[in-house]
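Novice: Sharing a sequence plus its predicted fold:
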Amino acid sequence: MTRGPATSAPLPAKWRQLAEACCAEQRVRLTPARLAAYAELIDAGHPLSAYELIALLEQRQKRKIAPLTVYRHLEFLMRVGLVHRLESMQSYLPCEHPDHAHESQYLLCSSCGQVDELESKRLEKLLHRIADQHGFLPSNAVVEVTGLCGNCAQST
Ligand SMILES: [Zn+2]
Ligand SMILES: [Zn+2]
């Protein structure tokens with residue numbers, strides 16, 4: 001039986017609509033390849049490194065994909081705000097509320113790998129105020145807190 005390769009991970013309608021609305025608003029093109037990379041991140045359910053993402057895409061599309069291509073997709077997705085990069089884990093995760101610009105705080109579970117994205121305006125304001133007191137002009141303030149999530153903390 002010849003069947004075309006499944007080119008994209010299943011992407012729930014909610015996420016597809018978010019991604020499409022986000023790109024339409026910024027007048028950028030969400031190509032099938034960009035959408036496929038995004039779908040893979042959503043489908044994984046946890047942050048992926050660029051190489052994990054490449055491996056998943058290659059497996060699904062049954063072909064070699066140049067790493068640079070995937071890095072470009074990730075750059076695009078980050079620029080439009082659909083994906084965030086976790087510096088401490090060198091991995092990428094889909095934003096939970098890409099409809100507005102924001103700075104993010106993350107709770108990273110070092111046991112199960114689950115990541116919670118928070119959006120605390122209070123913490124954001126505090127960070128900017130502290131920077132201001134130092135005469136520092138921040139352009140981006142990301143907070144990554146590592147530890148154990150509720151489930152993992154209970155089972156230890
Ligand atoms: Zn976000
Ligand atoms: Zn956990």
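Specialist: Looks like it arrived, so ask away. Ligands and ions are numbered 1, 2, ... in the order given.
Novice: Show me the domain layout of the protein.
Specialist: For the chain, the structural domains run 13-94, 105-154, going by automatic domain parsing.
Novice: what's the closest of those to ligand 2?
Specialist: domain 105-154 (3.2 Å; CB to the ion). All C-beta atoms are positioned from the backbone trio N, CA, C, and that covers glycine.
Novice: Do me a favour and get the end-to-end distance for the closest one?
Specialist: Between the opening and closing residues of domain 105-154 we find a distance of 23 Å, counting by CA to CA, to the nearest Å.
Novice: could you give me the average pLDDT of it?
Specialist: Per-residue confidence for domain 105-154 averages out to 92 on the pLDDT scale.
Novice: ok, it near ligand 2 or not?
Specialist: Yes - Domain 105-154 comes into contact with ligand 2 when judged by CB under 5 Å from the ion, the residues involved being Cys109, Ser111, Cys112, Gln114, Cys149, Cys152.
Novice: Next one: the residue nearest to Tyr106 when sequence neighbours are not counted from Ser155, what distance?
Specialist: In space, and not counting its chain neighbours, Tyr106 is closest to Glu144: 4.9 Å by CB to CB, 6 or more residues apart in numbering. Counting by CB to CB, to the nearest Å, the separation of Glu144 from Ser155 is 23 Å.
Novice: Ok, Gln59 next?
Specialist: Distance from Gln59 to Ser155, by CB to CB: 31 Å.
Novice: re the thing from before, quickly compare the domains of the chain and say which is most buried.
Specialist: Stretch with highest mean neighbour count among the domains of the chain: domain 13-94 (a mean of 17; mean count of other CB atoms under 10 Å).
Novice: For that one, measure first residue to last.
Specialist: Looking at domain 13-94, the gap from its leading to its trailing residue is 15 Å under the measure CA to CA.
Novice: near ligand 2 at all, it?
Specialist: No - Domain 13-94 does not reach ligand 2 (CB under 5 Å from the ion); its nearest approach is 10.2 Å.
Novice: Report the rounded mean pLDDT for that domain.
Specialist: For domain 13-94, the mean pLDDT works out to 95.
Novice: Run the chain-centre distance for it.
Specialist: For domain 13-94, the distance between its averaged C-alpha position and the chain's averaged C-alpha position is 7 Å (CA atoms, centre = their mean, to the nearest Å).
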